[in-house]
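Q: Task: produce atomic coordinates for the following.
(one chain, ligands or ions: 1)
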Amino acid sequence: MRILVTGGAGYIGSHTCVLLLEAGYEIAVLDNLDNSCEESLKRVKEITGKDFNFYKVDLLDYDDVNEVFNKEKFDAVIHFAGLKAVGESCAIPLRYYHNNITGTLNLCDIMAKHGCKKLVFSSSATVYGDPHTVPIKEDFPLSATNPCGQTKLMIEYILKDLYKSDNEWDIAILRYFNPVGAHKSGKIGEDPNGIPNNLIPYVSQVAVGKLECLSVFGNDYNTKDGTGVRDYIHVVDLANGHLKALEKIATKSGVVVYNLGTGTGYSVLDMVKAFEKASGKTVKYKIAPRRPGDIAECYADPTKAREELGFIATHTLDDMCKDTWRWQEDNPNGYK
Ligand code: WQD
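A: Have a look, this model is predicted:
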């Protein structure tokens, strides 16, 4: 089977490309490199010893995307490409709506024209907004508290309407919790632009001395130690979830939705402690005011993915921290 991976040069995309190639899939990558480096794809080739085509194309360029489908026949698409910084999305919402929504509309239109109607979509736990309780199940109410989350939610509705209009489509919507970690080789990993928004890349840069001190955004939440609790999932487990979803939509499945999480929540201070243990470094931190839009607790009920996909996250918290640290130490400036 031949799979097109949009956003395949990115953090989760590149890890998924490794597993796809190792599982015997043929792939091609489409990425505009807006928020990623082609170096990551060179490293994917190094890790797997396999080759594939890379198309530096923006999903907003309809004709360029169509040309890719003229060149290669794809059995399915895994769609990672999109802007995903929550804070930035509040500052430039129109860019986020245009990029994420129009890009996806172009992709689906071109897929249909070329008879490719199997899609795995990269959604997010942010579509649950501030859940009334945890752990979170797939049938919980959906809402978004920022433009980034809104685009994920809107695309989910678009894909469900697309299926209603044409039931030849098979679509898996994957709601990620908090991806962390890196491939065990240390050759690929998370390479945020500028100052990291997310916790673990920030902690990792403090540990390596690139940043001075972590601000812990609030310690007065109604959680075990007052700091925010999240469901951190190793990026390799997350990548594996995409292969399980591909298997699911290989046969008639319609639209299926799954949480990809571990089912275990860890607090910010848990993560700091775990990272210090894994890296042998001290992570300096201070308590700071809450970050607007943050919620207290967010972790998955992973039952549905386990029962229907046979998906189970196997990497431990120590794996997540050790693998992050190896990537950070070997690549202090990311791919640059
Ligand atoms: C985790 C915890 C913070 C940074 C993510 C992103 C985004 C989304 C998935 C797409 C929270 C605390 C963080 C820091 C801190 N993807 N924190 N100091 O908030 O769960 O959201 O969800 O939609 O990737 O929005 O992840 O890593 O930003 O924060 O104390 O410098 O760490 O308050 O409790 P989050 P995060």
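Q: contacts, neighbours, all on C-alpha from now
A: Fine.
Q: Tell me the buried residues in stretch 284-299?
A: Buried positions in stretch 284-299, judged by neighbour count with 16 or more other C-alpha atoms under 10 Å: 290, 296-299.
Q: which other residues reach that stretch?
A: Stretch 284-299 has contacts (C-alpha atoms under 8 Å, 6 or more residues apart in numbering) with 130-131, 134-136, 145-146, 177, 206, 212-219, 221-223, 227-231, 261-265.
Q: same thing but at 7 Å, please
A: 130, 134-136, 145, 213-219, 221-223, 228-231, 263-265 (C-alpha atoms under 7 Å, 6 or more residues apart in numbering).
Q: buried sites along stretch 214-231?
A: Applying 16+ other C-alpha under 10 Å to stretch 214-231 flags 214-219, 221, 227-231 as buried.
Q: Please state the offset of it from the chain centre?
A: 22 Å (C-alpha atoms, centre = their mean, to the nearest Å).
Q: and it with the ligand, contact?
A: Yes: applying C-alpha under 6 Å from any ligand atom, one finds stretch 214-231 touching the ligand at 214-217, 228-230.
Q: Counting by contacts, list what the helix or strand of the chain with the lowest mean pLDDT packs against.
A: Across the helices and strands of the chain, mean confidence by mean pLDDT, DSSP states H and E is lowest for helix 86-91: a mean of 91. Using 3 or more C-alpha pairs under 7 Å, 6 or more residues apart in numbering; DSSP states H and E, the elements in contact with helix 86-91 are helix 147-165.
Q: swap the cut-off to 10 Å and go again
A: Packed against helix 86-91 by the contact rule (3 or more C-alpha pairs under 10 Å, 6 or more residues apart in numbering; DSSP states H and E) you find helix 93-96, helix 147-165.
Q: Now render those helices as JSON lines, adding mean pLDDT and mean neighbour count.
A: As requested, the helices and strands packed on helix 86-91 are exported to JSON lines (pLDDT from 0 to 100; neighbours: other C-alpha atoms under 10 Å):
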{"stretch": "helix 93-96", "mean pLDDT": "97", "mean neighbour count": "17"}
{"stretch": "helix 147-165", "mean pLDDT": "97", "mean neighbour count": "19"}
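Q: Turn the ones you listed into TSV, columns for distance to residue 35.
A: Shown next, in TSV, are the helices and strands packed on helix 86-91 (distance: least, C-alpha to C-alpha, whole Å):
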stretch	distance to residue 35
helix 93-96	13
helix 147-165	15
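Q: Format those helices as CSV; extra columns: distance to the ligand.
A: Shown next, in CSV, are the helices and strands packed on helix 86-91 (distance: least, C-alpha to the nearest ligand atom, whole Å):
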stretch, distance to the ligand
helix 93-96, 12
helix 147-165, 5
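Q: Out of those, flag the one nearest residue 34.
A: helix 93-96 (12.8 Å; C-alpha to C-alpha).
Q: Show me what the closest one is in contact with.
A: Contacts of helix 93-96 with the rest of the structure, by C-alpha atoms under 10 Å, 6 or more residues apart in numbering, involve 82-90, 99-102, 146-148, 150-151.
Q: From the ligand, how far off is residue 81?
A: Separation of residue 81 from the ligand (C-alpha to the nearest ligand atom, to the nearest Å): 12 Å.
Q: ok, now which ones touch that residue?
A: Contacts of residue 81 (C-alpha under 10 Å, 6+ apart): 5-10, 13, 30-35, 58-59, 99-100, 103-104, 121-122.
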